[in-house]
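K.L.:
Predicted coordinates and the sequence they were generated for:
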Amino acid sequence: MLNRATPPEPNSWDVSEEYKRFPERGHLGGIVVVIGAPGSGKTTIARKLASNIGCSYLNVGSLARERGYILGIDRERDSLILDEELIVDEIRRLAHEKCLVVETIAPNTIPRELVRAVIVVRCRPSVLLERLKSRKYSLSKIRENIEYEAIDGPVYDALLIADRERIVEVDGCDKEVENEIEVILDLLRGKITGRIGKFNWSKDFMEILDALSQDGQ
Ligand SMILES: Nc1ncnc2c1ncn2[C@@H]1O[C@H](COP(=O)(O)OP(=O)(O)OP(=O)(O)O)[C@@H](O)[C@H]1O
Ligand SMILES: [Mg+2]
């Protein structure tokens, strides 16, 4: 029989215990969204977090490709145009079956009312540059993504789906991923409230711009 006890107040809620005890109530706890620039380290953090709190990892890009939730291709930006409405519906359905850690680069794919917390994975532009170069992205795609990171684009996108109290930024360049997971768990357990504005990439970004123009790219 389902336990119909009222869910705990957000600030006393231990996501890990709660999800382990009542996996079928994942939807009541809400989903944890992991957002950030391409290559910032979302999958690395999201998978570890999901296994840590006993939730399923869901990648919106993979879901869209597997289910065909794609409206077309944006050739100029070399990216897929996602069918956001269908994806939102699907995530809503899945979130009622199990608890989810959802990786996305597109805030409009997330059902806002189910958002428990948003993890913004940040990555120093110079590191991101190397990661994206190794993927053989076009220069315009690399620039677009580095600019997005440099101007705090992922934070603004996070604010589209949650209040700042539910948002935490973590470092996707940190080799000690466990440290970042601890910060996330602190947020989910209500030990800290969200914090944004932790990273300032201006200096690093200027250096990247120089490097790009010196390459003649
Ligand atoms: N904390 C870290 N320390 C060192 N390298 C990392 C770290 N996190 C991720 N990486 C490396 O950076 C690359 C991108 O990581 P990851 O796939 O997690 O990023 P992503 O944001 O999920 O990318 P995508 O846009 O493809 O979804 C991988 O090669 C990964 O091994
Ligand atoms: Mg990924």
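P.N.:
Structure received. Ligands and ions are numbered 1, 2, ... in the order given.
K.L.:
rest of the way, CA atoms for contacts and neighbours
P.N.:
Noted.
K.L.:
For the residue nearest to Val60 when sequence neighbours are not counted, give me its contacts.
P.N.:
Counting by C-alpha to C-alpha, 6 or more residues apart in numbering, Val60 lies nearest to Thr104, which is 5.3 Å off, once chain neighbours are set aside. Thr104 makes contacts with 33-36, 59-61, as judged by C-alpha atoms under 8 Å, 6 or more residues apart in numbering.
K.L.:
any idea which helix or strand comes after the helix or strand of the chain with the lowest mean pLDDT?
P.N.:
Lowest on mean pLDDT, DSSP states H and E among the helices and strands of the chain sits helix 26-29, with a mean of 50. Next helix or strand after helix 26-29 toward the C-terminus (DSSP states H and E): strand 31-36.
K.L.:
Distance from the chain centre to that next one, please.
P.N.:
Centre-to-centre, strand 31-36 and its host chain are 3 Å apart (C-alpha atoms, centre = their mean, to the nearest Å).
K.L.:
just stretch 36-45 next, same as before
P.N.:
For stretch 36-45, the distance to the chain centre is 7 Å (C-alpha atoms, centre = their mean).
K.L.:
For it, what does the pLDDT average out to?
P.N.:
Taken as a whole, stretch 36-45 has an average pLDDT of 98.
K.L.:
Can you tell me which of the contacts of Thr104 is nearest Leu82?
P.N.:
Among those, Gly61 lies closest to Leu82 (C-alpha to C-alpha), at 8.3 Å.
K.L.:
sorry, back to before: could you check how far the residue nearest to Val60 is from Asp152?
P.N.:
In this view, Thr104 and Asp152 are 16 Å apart by C-alpha to C-alpha, to the nearest Å.
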